[in-house]
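Colleague: Next comes the sequence, and after it the predicted model I'd like to discuss.
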Amino acid sequence: AAARKHRIAVIPGDGIGKETTPEGIRVLEAAGRRFGFELQLTEYDWSCDVYAKTGKMMPDDGLDQLKDSDSIFLGAVGWPGVPDHVSLWGLLIPIRRGFDQYANVRPCKLMPGARTPLANRTPAEIDFYVVRENTEGEYSSVGGRMFPGTDREFVSQQSILTRTGTDRIMKYAFELAMTRPRKKVTSATKSNGITFTMPYWDERFEEMAKQYPGVTTDVFHIDILCAHFVQHPDWFDVVVGSNLFGDILSDLGPAVAGSIGIAPSANINPEKIFPSMFEPVHGSAPDIAGKWVCNPIGQIWSGAMMLEHLGEKEAADAIVKTIEVMLAEGGPRTRDMGGNAGTVDVGKALAEAVAKF
Ligand code: NAI
Ligand code: MG
């Protein structure tokens, strides 16, 4: 029988992205051989290196080139010498927005052997998702600067919440909660200080909650919510936030779970009208790039999220389980997790274990 085929656009990007993506692919291909699907990979060299030569992070028709792929598998983007807002707005943001990847989804799960800064927490106590609105909110391009260079100089930037944008991210969070044993959604707000948009956010949250009587809910202001992430990570199951609050929580959550090197992330277009994009939480890590010592697990776990999105749930679960078992049984680990294995050692060990799963 012909194997199921998935067309994947691969963008390694900068720095350690060039080291982690090959390991991600190695494990994905091992899973494909084991679980009966085939990946058709197309690699794109879009990066700060290309920007240095062409003045563009990606070609003008970049989104066109990507649009027929089933998913995008990305490493990390950003490198010293190119301002971060140039690399971000030249590549990642156009993909997230152009493909309406409005749900940014990050599991925060304490893996066996990962050292959480929160002493004595067990894997059963840190296992939640952050769902971030990924297209509007505080990160709008509405605003400007007037009277530059004068005493009257001012800047303003508007925060935009639409009903469509707010409702669909909340629906995504409730649907995700329905697939989990605890069935709980926590909303991040700040309706005490931000008096128009955040009360609206709260209103839409309450409205959506009515449609999910089986899901319990909780609401916290973003400041105390950050404190609770650290002090009571066991309170959370699915946490939904606006673009800015979700951004903050989705770095804090993985930090609570131990190493940024293992944290995965998905930028999802739930309707599958456009390809979704899967990438580790970490950046290009210029401080360790080129030494092949970075942790590839964040990339590999992002690959598992990609497989789940593509309907390969069995293979996705096998990869996550394999990571857990390898870490629990003292398999090779990189420096950030207290070991001395290289990037490729970890990738190969996981690929072999997935092949035998
Ligand atoms: P970073 O995530 O690249 O590095 C932060 C720290 O974590 C560094 O000490 C690094 O060595 C360590 N680290 C990161 N990934 C690791 C891994 N896989 N294994 C072991 N250690 C790891 O964040 P930073 O330094 O703030 O940003 C560097 C560049 O990456 C910037 O240009 C930034 O804009 C970009 N960036 C890109 C992101 C993306 O592509 N989505 C996300 C975050 C940053
Ligand atoms: Mg961030």
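Modeller: It's in. Residues are numbered from 1 along each chain as shown. Ligands and ions are numbered 1, 2, ... in the order given.

Colleague: rest of the way, CA atoms for contacts and neighbours
Modeller: Noted.

Colleague: Show me the shaky parts of the stretch 1-150 of the chain.
Modeller: Across the stretch 1-150 of the chain, residues meeting the criterion (pLDDT under 70) sit at 1-2.

Colleague: what separates Asp127 from ligand 1, distance-wise?
Modeller: The gap separating Asp127 from ligand 1 is 20 Å, by C-alpha to the nearest ligand atom, to the nearest Å.

Colleague: again, but for Ser191
Modeller: For Ser191, the distance to ligand 1 - C-alpha to the nearest ligand atom - is 28 Å.

Colleague: Count the residues that sit near the residue nearest to that residue when sequence neighbours are not counted.
Modeller: Closest residue to Ser191 apart from its sequence neighbours, by C-alpha to C-alpha, 6 or more residues apart in numbering: Met198 at 4.6 Å. The number of residues packed near Met198 is 19, by other C-alpha atoms under 10 Å.

Colleague: From here on, call the first residue 268.
Modeller: With the count now opening at 268, the last piece we talked about shows up as Met465.

Colleague: Thought Arg471 was touching Met465, still the case?
Modeller: No. Taking contacts as C-alpha atoms under 8 Å, Met465 lies outside contact range of Arg471: 9.8 Å.

Colleague: follow-up on the earlier one: now the one helix or strand the residue nearest to Ser458 maps to: buried residues?
Modeller: Using DSSP states H and E, Met465 sits in helix 464-477. Using 16 or more other C-alpha atoms under 10 Å as the burial criterion, the residues of helix 464-477 that qualify are Thr464, Met465, Pro466, Tyr467, Trp468, Asp469, Phe472, Met475, Ala476.

Colleague: For the residue of the stretch 368-517 of the chain found nearest ligand 1, which non-adjacent residue is closest in space?
Modeller: Proximity to ligand 1, evaluated over the stretch 368-517 of the chain using C-alpha to the nearest ligand atom, is greatest for Asp514 at 10.6 Å. Nearest non-adjacent residue to Asp514, counting by C-alpha to C-alpha, 6+ apart: Arg399, 6.7 Å away.

Colleague: quick check, the one you found in a helix?
Modeller: No. Going by DSSP: H, G, I helix; E, B strand; the rest coil, the assignment for Arg399 is strand, not a helix.

Colleague: Number of residues surrounding it?
Modeller: Arg399, neighbours per other C-alpha under 10 Å, totals 28.

Colleague: before we move on, what about the one 5 residues further on?
Modeller: Residue neighbour count, defined by other C-alpha under 10 Å, stands at 21 for Gly404.

Colleague: Please list all residues in contact with Cys561.
Modeller: Each residue near Cys561 by C-alpha atoms under 8 Å, 6 or more residues apart in numbering is listed here: Ile283, Glu286, Thr287, Gly528, Ile555, Thr601, Arg602, Asp603, Gly609, Thr610.

Colleague: Can you spell out which helices and strands pack onto the top helix by length along the chain?
Modeller: Using DSSP state H to define each element, the chain has its longest helix at helix 284-302. Applying 3 or more C-alpha pairs under 8 Å, 6 or more residues apart in numbering; DSSP states H and E, one finds that helix 284-302 contacts strand 271-280, strand 304-310, strand 338-343, helix 564-576, helix 580-595, helix 610-622.
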